[in-house]
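# Pasting a predicted model and its sequence here:
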Amino acid sequence: MQETIHELLKEYFGYDSFRPQQEDIIHTVLAGNDTVVLMPTGGGKSLCFQIPALALDGITLVVSPLIALMKDQVDAMVANGIPAAFINSSLSGAEINEIQGELERGEIKLLYIAPERLALPEFQMFLKELPIALIAVDEAHCISEWGHEFRPDYRNLQRCKQILFPDVPIIALTATATPKVKDDIISQLHLQSPKVFLASFDRPNLFINVKPKQQASKEILSLLKRHKDEAVIIYCLSRKETETLASALKKEGHKATAYHAGMNSEERRIAQDRFKKDQVSIIVATVAFGMGIDKPDVRLVIHYSLPKSIEGYYQEIGRAGRDGLPSECVLFYTYGDTRTLEYFIGAMEDPEEQKRARVKLQDMVDYCEEKGCRRNVLLKYFGEVGGEQNCESCDTCTTTKEMFDGTIIAQKILSAVIKTGNRFGAQHVINVLRGSKSKPVLDRGHDTLSVYGIVKEYDDSALRLFFKELVAKGYLLKDEIDTNIFVFKVSPQGMEALRERSAIELTQPPVTLSKTKTSSSRTSAAHSYNALFQELRALRKKLAEARNIPPFMIFSDKSLIEMTEYLPQDKESFSKIFGVGAQKLEDFGRDFMEVIRRYEKLTTK
Ligand code: ADP
Ligand code: ZN
C-alpha cells in the first residue's frame, strides 16, 4: 500500500504536521496540476516538491540556480534517507556517469540540475529516456527580468513544456511575490492553467527592531552577549567596514569573520563553509553574502548600516530563524547613512534607475522612522493588508506607549527570576512575587524566598506585560522548551542592570485591575536544560564533522530542545522527537540517547 503524505512526512522528515498551505500544494501537485508557490524564505517550499517526489512513481527533476545550494539540499535529503543526487559542472565525467546509471536503474527519486544543463542536447536525450514524473523549478523568479536575480539560463526552461516534457506537471517556487514576476513565471514556463498559492509573508518568529545608531558597537557587543555562540549575520555597507568590525569583534573574543566581494571565491567559500558548520558564529558581511546560504539556525541579523531597499532588507532579515524559532533582527539607523547610499545612486548611469533607487531608499528611511508597527509597514509593502494593530514583536509595538520609571518593579522581577533558579515560566515567578499559595509554589518551598509576596501594586496581567517587555529589552532571556512553554532567565545585561542599579524604563500597563485570580497554569519544571543542550550540541557538531556536513543537517535546534524536554531513552520515544525520521533514528539515535542517559544519571543522583 502507498504511504500517505503524512506518513512520508514523519518517516523521511520526522515532522508531525504540515505548515500552512503545504498540504494543499502537495495534493494539487499529486493531482497532476501545474502549480506556482509564492512563499517567504523559511516557509517550507522544498517539502512541496520533495513529498510528491517520494509519493510519485518515477523521477522528480529539480532545477536550482546555485551549485552550492544544490549540494546542501541533496546532502540534507540523503541524511534523511531520501535517494537524491545532483548533476552539475562540479562533478567529474565518471561521477556523472555513475549517477546516470543510478537514474536508469530507478535508484534515484530526485535529481537536481542547473538550468544550463537542459540546453545540452545530449543531456536532453538522456532525460527523455527517463520516467520524469514532476519538474520543480526552484527560485523561479530567476526566469523573470522583473525579478531582482534574472538569469538568462533560466530561459532554457521554456523547452520543458514546449518540447521536452509537454505532459509532465511543473511546480514553480519562489519567495518573490510581486504580480509581474508571478505572471512572467507562468508565461515563460508555459504553465497550463496553474494553481497559484500565495502564502503570507509574515515571519512571526522574528522580533524586528530599529535602533538609533549611537554607540552601535557597544550595543552590538551586548546583543552578541545575549546570542552567545549562536549564528549571527552582521550586514555592513562596505568591505572596509566588514573588516574593521570583524577584527574588533575578534579582539573581544568572538569568533567572527568578514565576507565581501573583494575576497576571492575560495576565501569566500571557506568563510561560508565555516559559518555553516558552526566553526565561526558571526559573519560580518556586505550584501554579497547570503545567496548561497541556507542555514536554518541564524538567531540574529544585524544591519550595521542602512539597507538600500525594503526588498533587500526583508530578504536579509529573512535569513534569521528559518527554522521557526524566535530570532532577532536589529537595524542601526542614522539618517547620515543615506549620504553614502546617495553617493552610489549618483554614480548610476541611467536616470530612470536613479529615480527608482531614490524611491526605494526613501521607503527604507520612512520605514526606519515609522512610529507604528514595523511589521505592518513591511507586510503592506508586499501587498498584504489588514495585519494586527499590535504585532507584539517589533520595537514600536513594544515600546511606544507611555513610559514610567520601572526600575523597582523590574529589579523585583529580575531578582525573583534569579532566586527561583532561572528556570520557570513567567506565571510561576509572578505567583511567587504576589505571594500565591498555589501548590507548585509551596511544593518547591518558594514561599520561603525573600522575594515571596513582595509585589502588591500590580496584577498578573500587568506583570506579564513587564515580563514581555524585559525580554524585548534584553534583560530577560526567554527559551521555548516546548510548543508555547517558555522559561525565563536573567541575561548578562539584566545582571548588569541589577548590579549597577541602572534605571529601567517600562511601559505603563493598562489601568490595574484590583484582585485577580492566581493561576498556576503553564508553570514548567524545566530541567537546567542548557547544560544538556550544550552537550547535545557538541555531539551534533562532532557527528557533523565526521560526515563533513553542517550540524543542522544532523538535527535542528528545535530537535535538540525537544530532547532536553522529553529526555527520550528508547527508540520509540526518540522517534517521536521533532525532526527524527527513520533514517536519523537509525543513524544517530543511539549516540544522542547515550548522552541523555548519562546526563539523567548525573542529575538524578
Ligand atoms: P524555503 O525553501 O521556503 O526557504 P525550506 O524548505 O528550506 O524553506 O524550509 C525551511 C525549514 O523549515 C527547513 O528546516 C525545513 O525542514 C522546515 N520545515 C518545512 N516544513 C516543515 C514542517 N511541516 N514541519 C516542520 N518543519 C518544517
Ligand atoms: Zn509591531
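Done, it's in. Ligands and ions are numbered 1, 2, ... in the order given.
# Which residues in the helix or strand hosting Q411 does the neighbour count mark as buried?
According to DSSP states H and E, Q411 maps onto helix 407-419. Of the residues in helix 407-419, 409-418 count as buried by neighbour count, 16 or more other C-beta atoms under 10 Å. Any C-beta I mention is one placed from the backbone N, CA and C, and that applies to glycine too.
# With stretch 272-287 instead?
272, 275-278, 280-287.
# Pull up the distance across that stretch, start to finish.
Distance across stretch 272-287, first residue to last, is 13 Å (C-alpha to C-alpha, to the nearest Å).
# Also stretch 299-313?
So stretch 299-313: terminal residues 16 Å apart, C-alpha to C-alpha.
# So which of the buried residues of stretch 272-287 belong to helices?
Among those, the residues falling in helices (DSSP state H) are 272, 275-276.
# Which of these sits closest to ligand 2?
Closest to ligand 2 out of these is F275 (29.6 Å), distances taken as C-beta to the ion.
# In this structure that closest one contacts A231, no?
Yes: with contact defined as C-beta atoms under 8 Å, F275 reaches A231; the gap is 7.0 Å.
# so what's the residue in the stretch 51-200 of the chain that ligand 2 sits nearest to scoring on pLDDT?
With C-beta to the ion, the shortest gap between the stretch 51-200 of the chain and ligand 2 falls at S200, namely 14.9 Å. On pLDDT, S200 comes in at 85.
# can you give me the strands for the stretch 401-550 of the chain?
403-405, 476-482, 485-490, 505-507 (DSSP state E, counting those that start in this stretch).
# Around M77, how many other residues sit close by?
Neighbourhood size, M77 [other C-beta atoms under 10 Å]: 24.
# nope, M593 is what I meant
Residues near M593, counting by other C-beta under 10 Å: 18.
# in the host helix or strand of it, what's buried?
Using DSSP H and E, M593 sits in helix 582-604. For helix 582-604, the buried set under the neighbour-count rule, 16+ other C-beta under 10 Å, comprises 583-585, 588-589, 592-593, 595-596, 599.
# quick one, what contacts P65?
P65 makes contact with 114-115, 138-139, 142, 149, 151, 153-154 under the criterion C-beta atoms under 8 Å, 6 or more residues apart in numbering.
# interface residues of the stretch 1-150 of the chain facing ligand 1?
15, 18-19, 22, 39, 41-47 (C-beta under 6 Å from any ligand atom).
# do the stretch 201-350 of the chain as well
296, 322-323.
# distance of the residue lying farthest from the centre of the chain from T420?
Using C-alpha atoms, centre = their mean, the residue of the chain lying farthest from its centre is T448. It sits 41.9 Å away. Distance from T448 to T420, counting by C-beta to C-beta, to the nearest Å: 12 Å.
# likewise D460?
Taken as C-beta to C-beta, the span from D460 to T420 is 16 Å.
# Ok, M593 next?
30 Å.
# Let me know which of the strands of the stretch 401-550 of the chain is the nearest to I302.
For I302, the closest of the strands of the stretch 401-550 of the chain is strand 476-482, at 17.7 Å, according to C-beta to C-beta.
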